[in-house]
Structures are given as C-alpha cells and as structure tokens.
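A.B. asks: Pasting the sequence and the predicted coordinates here, then a few questions.
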Protein chains: 2
Amino acid sequence: MKTVVLKFGGTSVGDLSRIENAARRVINKLKEGKRVVVVTSAMAGETDSLLSLASQTKGNLNPREVDALISIGEQKAASLFAIVLQRLGYRAKSFCGWQLPIYTDSVHTKARILSIQTERVLRELENDVVPVVTGFQGVSKEGDITTLGRGGSDLSAVALSHALFADCEIYTDVEGVFSADPRLVKNAKKIDRISYEEMLEMASLGAKVMQARSIEYAMKYGVRIHVRSSFSENEGTWILPEEEVMEKPEVRAITLDRNESRITLVGVEDRPGIAYEVFSALGNSHIVVDMIVQNVSHQGFTDLSFTVNRNEQSKAFEIVKEVAKKIGVKDVVLDDKIAKISVVGIGMRSSYGTAAKVFEVLYKLGINIMAISTSEIKISCLIEEKYGELALRELHQVFIEQ
Amino acid sequence: MKTVVLKFGGTSVGDLSRIENAARRVINKLKEGKRVVVVTSAMAGETDSLLSLASQTKGNLNPREVDALISIGEQKAASLFAIVLQRLGYRAKSFCGWQLPIYTDSVHTKARILSIQTERVLRELENDVVPVVTGFQGVSKEGDITTLGRGGSDLSAVALSHALFADCEIYTDVEGVFSADPRLVKNAKKIDRISYEEMLEMASLGAKVMQARSIEYAMKYGVRIHVRSSFSENEGTWILPEEEVMEKPEVRAITLDRNESRITLVGVEDRPGIAYEVFSALGNSHIVVDMIVQNVSHQGFTDLSFTVNRNEQSKAFEIVKEVAKKIGVKDVVLDDKIAKISVVGIGMRSSYGTAAKVFEVLYKLGINIMAISTSEIKISCLIEEKYGELALRELHQVFIEQ
C-alpha cells in the first residue's frame, strides 16, 4: 500500500474551517487506498505572534527557550488537525518531533535533522491511524526541543517522506510553481514538472514557494515533491530529478527579486587584499553577499560593488564604512533602488546564446545592466528597480510566451 | 543547600509584567541562598481558550488530542518564564513534563502521576540553573502527553516537592487561606497554619485555594505547603501535618457553598432498592452526589433528596425523571435556591457540642435546616440560599470572632 506525506502550510490550516478543508484532502487520499502521514505548519501568524511575545521581554533571547516557545504553534495545529479528522470519522493521532523522535543537532532555531525514527508512525499506519506530525520541530540528543528555521516544515515533510519511501505533497496557497509571478505577469504559466536544480535556483532568487534547504534535501535523496493548492483540485507542480522532467526548455521561469540593495566602494585602491578586508568583515557578521562586481582599474583605482539582502543593508553599510576608513576609499554609496531579474532553465546548458538574448531584450528596452551573475542554468542581471516589472514582462514574452 | 519549589498560578503569570513579578520572587529566594525549582500554570485564560477552540469542532473530543492541545499553555508560560529570568540575569531552562519525565498513567485529561525522574532537574540545579517546569502535564509510558485535570499544576508542584525533598510555595492571587471568604465577611482572618485534614475539607466544600487531590498527596507524603500571594510580601498560610499546627481551635473556618442544587423525589415507595436504582443511574453517568436525605416514612411513602453540583443539575434531573417513571414517584422537584454552610476545625474532635451550637445559631436566625452532614472535623447544613450570607456572618461572629 502506497504511503504519501501531505504537508499543509500555515494558510492551509489558518482556521478550523481551513483545517477541515485540509482534512478532506487527507480523506480523499485514504479513499484512493493510500496511507497518509500529515505534516503541518503552525496556523498562519502563530509563530510570529509567539516570537513577538518573546521579544517584548527586550532581553537577548536564549535560542533554547525560543525553540520551546515557538514549537507550540505546530503542536496546536497538529492536535487540532487530528481532532478534526476524528470528527470526520477517521482515526488520527498527533505527534510532536520528540515523540517519533525526529532527532536534530543542538543548533537551536536552525537545527539540522540527523535522523527520523519511523517505528511509531509505521505502527500507527498499520492500525489505520493517520499520524499528524508537527513540522518545523525536532528534539536534540540531549532531549531539548529544537526548530529547523523558517520554512522548516517543508524540510520535515521532505525528510519524513524520505524516511518512509513516500512521495511528498506540499499544500500551499498557490496553484504551483509559475513561469513568473502571476501577480506581475498575466500570461504566467503553471509549470507541470520542474527539476530540483531549477527549483533551487528559483528559491534562492526569492520565489518563495519552498525553502531552499528542503529542495536540496529532496534532490540529495530523490524525494518526489508535488507542490499544489489546498484550495483547488488541480494538479500543481512536480519537483523531480532532471531525468523525469520531460520538457527541457531553454528558459523555464523568470524571477524578479526586489529584496536586495547595492553597496559601492568608490575609488578603492586596486591592490591585493582589499576584497578580503571587505568581505571577511561582512562574513564575520554573518551577512550574506550575493552579486559582486569590480570594475577595471583606472590609474590604480577602481569601484567595488556588491549586493546584500535589503533587511541587512544598514548593518552592512555600517560595517563597510568602518572598513573603508582603514583601507582608504573616496566614498561608500548605498543604493536600494535596484532589482535582480533572472532567467532559469536546464535547457540553457545545451543551447547557445541565452545570455546574449537576455542582454538584447534589456538593451532594446533601454535598460542598463549594473551587474551580471550566471550559473549553468541561470542568468541574473542587476537593473534599476523602476524597470523591474517591464523587464520581467518583456523577458517572459520573449522566452516563455513565444 | 535547601531546595524550594515555587508554583505560580494562572493569574500570577497572566502577562509578561506579571511573569517578571513572579521571576523577582524567584530571585529573592536565590538571594536567600536557596535552590529554586519553578512550576508554572498556563497564563490565565489560555487553557480555556484552547479548549473552546477544540470544542468548536463540535465532535466528540478525543482525550489524547485534547491533552496534546491544552498542554501547550504551560509550555508557553514556562518558556516565557525562563526567558524573563534570563533577561534579569539568571540562568534558567524550561522543561515540559516529558522532558524530566513526569510519568503518569494513560487516563487522558485526568491522569495520575506515577513517578517523577529528578536527575535532569538536579543536574540543572548543580549548574545554578533554575528549572522552570510545566505544571499540569506529564507523559505516559507510551510516550503520549497527558494532563492531570483542573488545578493539576498544584499537584505537579506538590509531587515535585516530594520528589526533591523540598518545601512547596503556592503563589496565587489571594493572601492565603481565610477563616471565611473575605469578600463576604469583613472580619475574616488569615489563617497562619492549617492541617491537611482541615484544608481538604475546605477544598471539598468549595474553597478554591487549592485542588483537593494535591492536598491529599501532600498529606500522604508530608509535603509542607505555603500558600501565599504573588502580589505581596506577606506570609500566607502554611498547610502542615496536624502535629505541626500549634493552635487547634474548635472551628478554624466557615465556608459557604452556593454551587449545589437539590433534587427531591416526592412520594417514593419506601422499599429496598429504590436508593440503589436512583444513585446507580447517576453514578453510571459520572454525576457526583453530595448530601443525601431520606425522610421517615408515612404510610409506606417517603421523600428522597440529594444535592449535586449546579452545573450538572439538568443532566441529573433528566436522569432522575427517567428513573422515577420506572419506580413510581409522585413528583420530582429541582431546587437551585439552596446553599451549604459548613464549619471546619480539628479542635471539634475533642470538644463537645459544636453541632448543637451551630444548630442554635441557625435556629435563632429563624433558618430552617434542610439536611445535615458531618465528619469528624466538619458540620455542613443545607439551607435556603437567601440566608447563606447571614448564616455565614453570624457563625463567623460566634465561632471565630469571639
């Protein structure tokens, strides 16, 4: 009998009527003769409100206690989910991370899963009980509650699917993965099948359908994922190994990321060690740097630019100004009016000229490219924010709609 | 180094500023050189709001899932309590029932404690960490979350005190145990020391300072309890073995219970088996009967009265009307305008005539006694509700104030 893991996100269990809706999805699977394990997030908003309660204490928050506090959101959702399934006439039991257990390391608030014991879940499945497992949380070998970081419930679901040799269905509030954000591009198409590699690029480019870590995990272990809406019966998007993805278009999707800012060191002396000084200082403060550009040198001086997440821009700006005093720089400039436009597709590997075509489209729109970064299956260009949506629509038109 | 268990009730941890206030009580104990273990209830109202959420599902609630759901109230309070202690500069860690563990049987929503493992708590105390333990909840040998029933946090605190050879301080929103409800009797006196037996009688008479089961437990194992206010520095009331209670007055306290209703079967045939029929039917429906009175028989017929808790009166009334059809009864009458007035005191054992004095006081006030029940250290009279407060004040005047 086939086992399937159904994971419901925060909006899919946002209130009791939505939990009932989700429970009916579970029941449909049971009626198809499948065994179902549910993984649930906290009800939408719960984790944030617990965190805001904790931060009202104004102290440094101890991560062990933050985990003990915020993990209750999933416990609440899981027990309510089991209660609703029971009311609809089905056997169900909720389980916290420690009850399986889902063992993690001890890095509180961003723990890594070490192993999942499946005995209890398998025993319940034998007895026709639907196990409803809390996402997001686990337990350390020391017996402390841990959490897996933002979006960690996806990871719980993927890891549990792997442990149970099951497919994984991720129920969310969108119909699947689209060729572009449908709120910005009216002809955006739902993608039927996408490879892990492409999905991973899209996640890191800010398309927030699934957390990047859980896609990495699925890729490593070959877990087949079906991302779909909990509010419609339509098929969503399958995330699969590349060999199972039939269609391999040059460009699968186009993303627009407006969450980055650019910092430029103007008039830096062009000598070894400068980049090291700047980026080691940022790294020591755990600031993630995305695109880096250094212009050619003029009379021994150059400009050095890089982008960081917009919510870390002030911190990064302060750090760089400090470093700038030491290394001697004409000016440090912060620009948060930028956007990153990216095209992603595994077909890019075997086709020539995708980059050139992207540059041509932007050129014809009169858009200046401030920086470029590429991978085997992705091309990203940094442009002025005001041109973001225009570029997105035009690239979608050229690469997807034609 | 002496260890003390400090238990805080729902109002004492009702919001973050109250938790801070409670944390300062803990810190004062630490400054006195004591080791402190905290036991906390859920923040006031939390458990009820979780229960009401569950009951919105309108199904029969599975007790295992109810426990998984309502236990999160204590987890939330415990982790916030630890966070606040940390902010005030002290080491603290929260623990759920399963983390010690506190083992219970599997009778969900009213489990009994089987054993408490103290190794983890002792290890934390060695490291100058304040363990903040969730009240109310435990874990079964099967690894399921259990709860101990209403007021169960008191029991957690008393049992943990026993396991740690510690005294137990119960912090609540009243100054201690009084000779009568101070809202009704302005000269009510705070009692400094009271025996377990007296406190147990008072709890069963509806004085809601502490849950009866936790007093029984304390009595069985000789745990010394100090009930006090979390909002004042005053000494409260010590609940102790009888030999440690110095003063042994004839009457320690007077209670007025207006939470009962009386059901009367009028014109019952006076033959064996009638009482059995009535009370087995009620017992089968888990309805607790308090006082029972059967009048003398007239021409083979009698009246049978008993009292039940007011919130079970409708259920009990329906059951009795069903039974009445079978056994033949002239009428079944429900009266919810009654009150039970009781005097309690261990001195009663060695003094004569307490009962007579109670009856005299009521007689002089012109109050009719509908039923009487007594124990070695208690006399209860059922009277009309409208005379309740008058009787309370007069009995307090005669027995306590003089």
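C.D. replies: Looks like it came in fine.

A.B. asks: what helix or strand does residue A:263 sit in?
C.D. replies: strand A:260-269 (DSSP states H and E).

A.B. asks: Report the central residue of chain A.
C.D. replies: residue A:211 (2.5 Å; Cα atoms, centre = their mean).

A.B. asks: what sits against that residue?
C.D. replies: A:149-152, A:154-155, A:203 (Cβ atoms under 8 Å, 6 or more residues apart in numbering or on different chains). No exception for glycine: its C-beta is placed from N, CA and C like everyone else's.

A.B. asks: Which elements pack onto the strand holding residue A:263?
C.D. replies: Packing contacts for strand A:260-269, counted by 3 or more Cβ pairs under 8 Å, 6 or more residues apart in numbering or on different chains; DSSP states H and E, involve strand A:301-309, helix A:313-327, strand A:329-335, strand A:338-344.

A.B. asks: With only the CA atoms kept, save it in CSV.
C.D. replies: Extracted in CSV, the C-alpha atoms of strand A:260-269 (Å, rounded to 0.1, in the frame of the first residue of the first chain):
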residue,chain,number,x,y,z
GLU,A,260,18.4,43.4,-2.5
SER,A,261,20.4,46.6,-2.1
ARG,A,262,23.7,47.5,-3.6
ILE,A,263,26.7,48.9,-1.7
THR,A,264,29.5,50.5,-3.7
LEU,A,265,33.0,51.4,-2.6
VAL,A,266,34.0,54.3,-4.9
GLY,A,267,37.7,54.9,-5.6
VAL,A,268,39.3,51.9,-4.0
GLU,A,269,43.0,51.4,-4.4
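
A.B. asks: relative to strand A:338-344, how tilted is it?
C.D. replies: Here the directions of strand A:260-269 and strand A:338-344 differ by 110 degrees (axes from the mean of the first three to the mean of the last three Cα atoms, to 10 degrees).

A.B. asks: moving C-terminal of strand A:260-269, what's the next helix or strand?
C.D. replies: helix A:274-284.

A.B. asks: got the buried residues for that next one?
C.D. replies: Residues of helix A:274-284 classed as buried: A:274, A:278-279, A:281-282 (neighbour count, 16 or more other Cβ atoms under 10 Å in any protein chain shown).

A.B. asks: Then stretch A:388-402?
C.D. replies: A:388-389, A:391-396, A:398-400.

A.B. asks: What is the end-to-end distance of it?
C.D. replies: 20 Å (Cα to Cα, to the nearest Å).

A.B. asks: measure the residue nearest to residue A:29 when sequence neighbours are not counted to residue A:271 for me?
C.D. replies: Counting by Cβ to Cβ, 6 or more residues apart in numbering or on different chains, residue A:29 lies nearest to residue A:36, which is 4.9 Å off, once chain neighbours are set aside. To residue A:271, residue A:36 is 62 Å away according to Cβ to Cβ, to the nearest Å.

A.B. asks: Over to residue A:123?
C.D. replies: 66 Å.

A.B. asks: Same question for residue A:67.
C.D. replies: For residue A:67 relative to residue A:271 (Cβ to Cβ), the value is 46 Å.

A.B. asks: So for the two, which residue has more residues nearby?
C.D. replies: Per other Cβ atoms under 10 Å in any protein chain shown, whichever of residue A:67 and residue A:271 has more neighbours is residue A:67, with 26 against 10.

A.B. asks: In the stretch 301-402 of chain A, which residue sits nearest chain B?
C.D. replies: residue A:315 (23.1 Å; Cβ to the nearest Cβ).

A.B. asks: thinking again about what came up before, direction included, what does the strand holding residue A:263 pair up with?
C.D. replies: strand A:301-309 (antiparallel), strand A:329-335 (antiparallel) (DSSP bridges).

A.B. asks: Let me see the mean pLDDT of the longest one.
C.D. replies: Per-residue pLDDT values across strand A:301-309 average out to 91.

A.B. asks: now the angle from that strand to helix A:313-327?
C.D. replies: 160 degrees.

A.B. asks: Using CSV, list the CA coordinates for strand A:301-309.
C.D. replies: The C-alpha coordinates for strand A:301-309 follow below in CSV (Å, rounded to 0.1, in the frame of the first residue of the first chain):
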residue,chain,number,x,y,z
PHE,A,301,41.8,53.0,-8.5
THR,A,302,38.6,51.0,-9.1
ASP,A,303,35.0,50.7,-7.8
LEU,A,304,33.8,47.7,-5.9
SER,A,305,30.1,46.9,-5.7
PHE,A,306,28.1,44.1,-4.1
THR,A,307,24.5,43.3,-3.2
VAL,A,308,23.0,42.2,0.2
ASN,A,309,19.5,41.5,1.4
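
A.B. asks: what's the offset of it from the middle of its chain?
C.D. replies: 26 Å (Cα atoms, centre = their mean, to the nearest Å).

A.B. asks: picking that back up, so the residue of the stretch 301-402 of chain A closest to chain B touches residue A:285, yeah?
C.D. replies: Yes: here residue A:315 reaches residue A:285: they are 6.7 Å apart, a contact under Cβ atoms under 8 Å.

A.B. asks: Which one of these two is surrounded by more residues?
C.D. replies: residue A:315 (15 against 11).

A.B. asks: How confident was the prediction at that one?
C.D. replies: 94.

A.B. asks: Quick one: residues contacting it.
C.D. replies: Contacts of residue A:315 (Cβ under 8 Å, 6+ apart): A:285, A:287.

A.B. asks: ok, now how distant is it from residue A:62?
C.D. replies: As judged by Cβ to Cβ, residue A:315 and residue A:62 stand 22 Å apart.

A.B. asks: what does chain A have sitting close to chain B?
C.D. replies: A:16, A:50, A:53-54, A:56-62, A:64-66, A:68-69, A:72, A:75-76, A:78-80, A:82-84, A:86-88, A:92-94, A:96, A:98-99, A:120, A:143-145 (Cβ under 8 Å from any Cβ of the partner chain).

A.B. asks: Over to the closest residue to residue A:224 other than its chain neighbours: give its phi and psi.
C.D. replies: Among residues not flanking residue A:224 along the chain, residue A:167 sits closest, at 4.8 Å (Cβ to Cβ, 6+ apart). With angles defined as degrees, to the nearest 10, residue A:167 sits at phi -80, psi 160.

A.B. asks: I'm done for today, thanks for sticking with me.
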